[in-house]
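Enquirer: Need coordinates for the following:
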Amino acid sequence: MRLRFVAFSFPLFLFACGKTPKPQVADSALVTAADTTSAPDPDAAAPAPDPDAAAPAPDGAAMTDTTPDSTAAATDFKVLLEQFADLRILRYRVPGWDALSPKIRVLLYHLSEASLASREISWDQTHPQGLLIKRTLEAIDKTYKGDKTTNEYAAFEVYLKRVWFSHGIYHHYSNKKFEPGFSKETFARLVADSDPAAFPLAKDETPAALADRLMPLLFDPTIDTMNVSLDAKGDLIASSANNFYARGITQQEVEAFYADKKKNGGDKPVMFGLNSKLVKNADGKIEERVWKVGGMYGAALEKSVAHFEAALPFVENDNQKAWLEALIKYYKSGDLADFDAFNIAWVKDTDSTVDLIHGFIETYGDAVDMRGSYEAIVQVKDPESSQRIAAISAEAQWFEDHMPYLPQHKKAQVTGISARVIDTVLGTGDSGPTFPIGVNLPNSDWIRREHGSKSINLGNIVTAYEEVKKVSGVLEEFASGPEAYERIRKFAPLADKLETDMHEVIGHASGQLEPGVLTFSDTLKNYASCLEEARADLVALYYLPDAKLAELGLVKDSELPKAGYEAFIQNALLVQLARIPLGEDIQEAHMRNRHLIAAWAMEKGGPEVIAKIEKAPGKTAFVINDHAKLRALFGELLKEVQRIKSQGDAKAGAALVESYGVKLDPVLHKEVKERWDKLGVAPYAGFINPRIVPVEAGGEIVDAKIEYPDDFATQMREYAARYTILPVEN
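Expert: A predicted model of the protein is given here:
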């Protein structure tokens with residue numbers, strides 16, 4: 001489970017027998033240390049960098065799009081790089097890279113390569129023709145011989161960048177297909193004036209025929225409109241365009257296929273369907289095509305596994321080695337019992353500097369909340385910043401005991417919650433270019449109950465967001481008045497961090513199901529993700545003003561919780577509306593959850609608690625008149641959401657989401673959109689990854705350097721050149 005960041009909103013927290021050949025390293029991504037007299041000691045800490053020395057360029061690789069990792073560059077590191085459509089492109093630093101030992105840097109290199117090797121899975125999961133579209137657009141980008149200075153070509157470039165950013169033709173947050181921004185005739189001409197040999201043509205197909213084949217999907221808004229449909233009035237499978245289920249399979253068939261499996265799953269069930277596509281065989285019977293080495297996506301996963309195996313000599317300790325070997329075993333077998341074994345081993349490793357989330361983890365992309373989207377986050381621990389989050393995790397039992405839950409919904413014994421602040425080294429798939437700011441895993445209820453969980457806060461991602469927020473103008477525009485503005489400006493940054501910590505460390509890990517109740521994905525279905533995120537947000541909101549946080553030394557001013565509440569309400573009822581097209585409902589789970597909480601509290605508390613005002617002509621704002629009563633309301637709603645989850649009360653869950661989390665006031669929505677447009681700020685943001693460059697000596701990788709590219713399209717082209725591994729059809 002994860003917490004997504006709302007770009008330029010107030011709070012950040014709004015929110016996985018035989019020797020394998022050594023993985024090959026592309027020549028353009030290699031630094032050779034052949035001229036050195038000896039290889040560096042892999043366990044030794046790196047020497048302090050020369051502040052005036054730039055990192056050497058890789059053989060054959062230009063340095064024009066990178067910032068080397070040097071002390072001199074750190075002070076003028078540019079975070080915000082560009083803006084197109086409704087997106088901003090940022091970048092982040094890995095501040096502790098130079099202090100890591102060469103051995104750990106090589107480990108990070110292999111984990112990064114293992115992550116990038118499977119990145120194209122994301123396009124195939126988004127749509128059955130996702131890779132066909134990606135490769136076609138990339139062929140035009142690479143070989144088009146016409147005039148590239150026209151408005152039409154500029155529109156094509158924006159469209160391609162959006163397809164790169166969102167892993168397909170659907171908006172990464174709303175799940176709705178976005179328009180190309182140029183005509184069908186322009187598309188046909190772009191294809192015609194490009195190299196025919198560059199296109200992913202079917203047998204005997206011409207480029208013109210390929211263009212004709214893709215045009216209906218790209219240009220007709222009525223075809224495959226939504227990547228993920230959450231409209232409960234229809235068939236959730238049939239109305240979702242993603243590639244988790246073969247065309248023609250219905251929601252009823254999916255539920256029937258898994259009914260007996262879940263019924264007989266025992267008290268330690270695997271996460272059925274997590275790592276497979278559901279298809280019909282030649283006899284018309286439903287079966288799973290498992291994502292594994294030798295199975296679906298096998299070519300990419302084989303490359304990932306090769307880098308995992310190459311990483312084994314560089315692990316830090318036995319616990320890290322255990323989960324890495326378990327992950328390799330899982331990818332080779334595809335057995336979800338092996339995935340559970342990996343998660344159990346992974347949770348035990350709380351001491352390593354390096355950690356990894358990799359695989360088919362989160363199920364937000366599946367309307368029935370079963371199948372996992374590919375993602376990877378390579379990470380290193382930030383020891384100093386982790387002290388804050390560790391103080392919270394150490395008190396997990398206290399927080400559980402004092403929850404406003406019904407007694408039977410509290411855990412008698414909270415097990416093994418570990419928490420840390422990390423610096424992201426690389427993210428991809430469902431965690432790149434858009435990153436979460438907090439993650440709590442594993443998602444298996446029984447593993448969390450018996451073995452515990454890990455929570456992470458992505459510290460350097462949060463830092464990058466904070467940097468660009470300083471100049472956005474959003475706070476000035478939507479704060480309810482001067483007093484709230486000053487309070488949010490002064491206290492919201494720390495409030496954001498505490499809320500993120502509480503959301504991930506305590507929120508997702510709290511509570512328990514009643515005996516015999518299936519997982520919330522099974523009982524609450526398409527409402528499960530929204531309600532689970534609401535539950536975790538409510539835990540954070542409920543405890544933010546609690547004396548316990550002051551006792552722990554985390555809150556030192558009573559104004560801080562007020563700032564957190566004000567920022568949350570303003571974002572939920574105003575700021576996030578800027579991201580939704582006029583006339584449309586809220587679709588994304590995190591956005592629904594925030595609106596649900598704020599709208600419910602406003603209705604139940606009335607203007608005595610939250611008042612809607614006009615702070616200036618045409619400028620609506622929301623004022624909190626009683627913070628204490630608002631906290632009580634948060635506690636009341638938290639109790640009810642936990643009851644819904646614990647009892648599997650699907651009817652009550654659906655009513656809560658549909659009543660408060662979906663519909664918008666069209667007049668207010670229009671106002672917010674107009675006010676936001678005047679700011680000129682893109683409402684969404686994503687990141688360019690650092691480039692991890694291996695250093696060789698004597699034919700072996702002995703170290704790795706880090707570079708910071710500064711152009712999104714250049715990185716996407718580089719990735720396309722190096723990690724095009726899967727066939728167009730899988």
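
Enquirer: Next, residue 338: secondary structure please.
Expert: What DSSP: H, G, I helix; E, B strand; the rest coil gives for residue 338 is helix.

Enquirer: Pull the number of nearby residues for it.
Expert: The burial metric for residue 338, expressed as a neighbour count using other Cβ atoms under 10 Å, is 19. C-betas here are computed from N, CA, C, even on glycine.

Enquirer: swap in residue 552?
Expert: By other Cβ under 10 Å, neighbour count at residue 552 equals 15.

Enquirer: how far away is it from residue 393?
Expert: To residue 393, residue 552 is 11 Å away according to Cβ to Cβ, to the nearest Å.

Enquirer: Mind checking which residue lies nearest the centre of the protein?
Expert: Among the residues of the chain, the smallest C-alpha distance to the mean C-alpha position (Cα atoms, centre = their mean) belongs to residue 431, namely 3.7 Å.

Enquirer: Pretty sure it sits against residue 376.
Expert: Yes - with contact taken as Cβ atoms under 8 Å, residue 431 and residue 376 are classed as touching, separated by 6.5 Å.

Enquirer: which residues do these two both contact?
Expert: Overlap between the contact sets of residue 431 and residue 376, as judged by Cβ atoms under 8 Å, 6 or more residues apart in numbering, is given by residue 357.

Enquirer: In PDB, list the C-alpha atoms belonging to the host helix or strand of residue 214.
Expert: Under the assignment given by DSSP states H and E, the secondary-structure element containing residue 214 is helix 207-219. Taking only C-alpha atoms (Å, rounded to 0.1, in the frame of the first residue of the first chain), the coordinates of helix 207-219 have been written out as PDB:
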ATOM      1  CA  PRO A 207       3.300   1.100 -42.300                       C
ATOM      2  CA  ALA A 208       0.100   2.600 -43.700                       C
ATOM      3  CA  ALA A 209      -1.800  -0.500 -42.600                       C
ATOM      4  CA  LEU A 210      -0.300  -0.300 -39.100                       C
ATOM      5  CA  ALA A 211      -1.400   3.400 -38.900                       C
ATOM      6  CA  ASP A 212      -4.900   2.400 -39.900                       C
ATOM      7  CA  ARG A 213      -4.900  -0.400 -37.300                       C
ATOM      8  CA  LEU A 214      -4.000   2.000 -34.500                       C
ATOM      9  CA  MET A 215      -6.100   5.000 -35.500                       C
ATOM     10  CA  PRO A 216      -9.400   3.900 -33.900                       C
ATOM     11  CA  LEU A 217      -7.700   3.100 -30.600                       C
ATOM     12  CA  LEU A 218      -5.700   6.400 -30.500                       C
ATOM     13  CA  PHE A 219      -8.300   8.800 -31.900                       C
END
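
Enquirer: What lies in contact with it?
Expert: Contacts of helix 207-219 from elsewhere in the structure, counted by Cβ under 8 Å, 6+ apart, are 127, 129, 132-133, 136, 169, 179-180, 184, 187-188, 191-192, 194, 196, 199-202, 205, 223-224.

Enquirer: what distance separates the helix or strand following that helix from the middle of the whole chain?
Expert: Following helix 207-219 in sequence order, the next helix or strand is helix 251-263 (DSSP H and E). Relative to the chain's own centre, helix 251-263 is displaced by 28 Å; criterion: Cα atoms, centre = their mean, to the nearest Å.

Enquirer: Just the residues contacting helix 251-263, thanks.
Expert: By Cβ under 8 Å, 6+ apart, the surrounding residues in contact with helix 251-263 are 235-238, 245, 269, 272-273, 278, 286, 368, 370, 518, 522.

Enquirer: thinking again about what came up before, going through the contacts of helix 207-219, which ones are buried?
Expert: Neighbour counting with 16 or more other Cβ atoms under 10 Å marks 127, 129, 132-133, 136, 169, 180, 184, 187, 191, 194, 199-201, 224 as buried within the contacts of helix 207-219.

Enquirer: on contacts alone, who are the packing partners of whatever helix or strand residue 566 lives in?
Expert: Element membership of residue 566 [criterion: DSSP H and E] is helix 559-573. Counting contacts by 3 or more Cβ pairs under 8 Å, 6 or more residues apart in numbering; DSSP states H and E, helix 559-573 packs against helix 482-501, helix 528-543, helix 589-605, strand 619-624, helix 627-647.

Enquirer: Alpha carbons only: can I get the helix or strand that the second one is followed by in CSV?
Expert: Per DSSP H and E, the first helix or strand lying C-terminal to helix 528-543 is helix 547-551. What follows is helix 547-551 as a C-alpha-only set of coordinates in CSV (Å, rounded to 0.1, in the frame of the first residue of the first chain):
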residue,chain,number,x,y,z
ALA,A,547,-0.3,14.4,23.2
LYS,A,548,1.6,11.2,22.4
LEU,A,549,3.4,12.9,19.4
ALA,A,550,4.4,15.8,21.7
GLU,A,551,5.6,13.3,24.3
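
Enquirer: List the buried residues of helix 547-551.
Expert: When neighbours are counted by 16+ other Cβ under 10 Å, the buried residues of helix 547-551 are found to be residue 549.

Enquirer: And the contacts of that helix?
Expert: Counting by Cβ under 8 Å, 6+ apart, 395, 398, 399, 402, 498, 543, 555, 556 sit against helix 547-551.

Enquirer: Okay, buried residues for the host helix or strand of residue 324 please.
Expert: Take DSSP H and E as the rule and residue 324 turns out to sit in helix 318-333. For helix 318-333, the buried set under the neighbour-count rule, 16+ other Cβ under 10 Å, comprises 319-328, 330-333.

Enquirer: of all those residues, which comes closest to residue 301?
Expert: Comparing those against residue 301 with Cβ to Cβ picks out residue 331 as the nearest, at 5.2 Å.

Enquirer: any idea how far that closest one is from residue 445?
Expert: Separation of residue 331 from residue 445 (Cβ to Cβ): 23 Å.

Enquirer: any weak-confidence spans in this structure?
Expert: Within the chain, the segments meeting pLDDT under 70 span 1-75.

Enquirer: tilt between the lengthiest strand in it and helix 482-501?
Expert: Ranked by residue count, the top strand of the chain under DSSP state E comes out as strand 417-429. Going by axes from the mean of the first three to the mean of the last three Cα atoms, to 10 degrees, strand 417-429 is angled at 100 degrees with respect to helix 482-501.

Enquirer: In strand 417-429, which residues are buried?
Expert: Neighbour counts using 16+ other Cβ under 10 Å place 417-429 of strand 417-429 among the buried residues.

Enquirer: What is the most widely separated pair among the residues you listed?
Expert: Comparing every pair within the buried residues of strand 417-429 by Cβ to Cβ identifies 417 and 428 as the most remote, at 27.0 Å.

Enquirer: residue boundaries of the helices in the stretch 101-250 of the chain?
Expert: Secondary structure of the stretch 101-250 of the chain, counting by DSSP state H, counting those that start in this stretch: helices at 102-117, 121-126, 130-143, 151-166, 184-192, 207-219.

Enquirer: So for residue 360, which of those sits nearest?
Expert: In this view, those are compared for proximity to residue 360 by Cβ to Cβ, and helix 121-126 is the closest at 8.5 Å.

Enquirer: what's in contact with that closest one?
Expert: For helix 121-126, contacts defined as Cβ under 8 Å, 6+ apart pick out 130-131, 133-134, 166-170, 227, 242-244, 291, 297, 300, 365, 373-374, 428-430, 726, 730.

Enquirer: can you rerun that using 7 Å?
Expert: Counting by Cβ atoms under 7 Å, 6 or more residues apart in numbering, the neighbours of helix 121-126 from elsewhere in the structure are 130-131, 134, 167-168, 170, 227, 242-244, 297, 300, 365, 373-374, 429-430, 726, 730.
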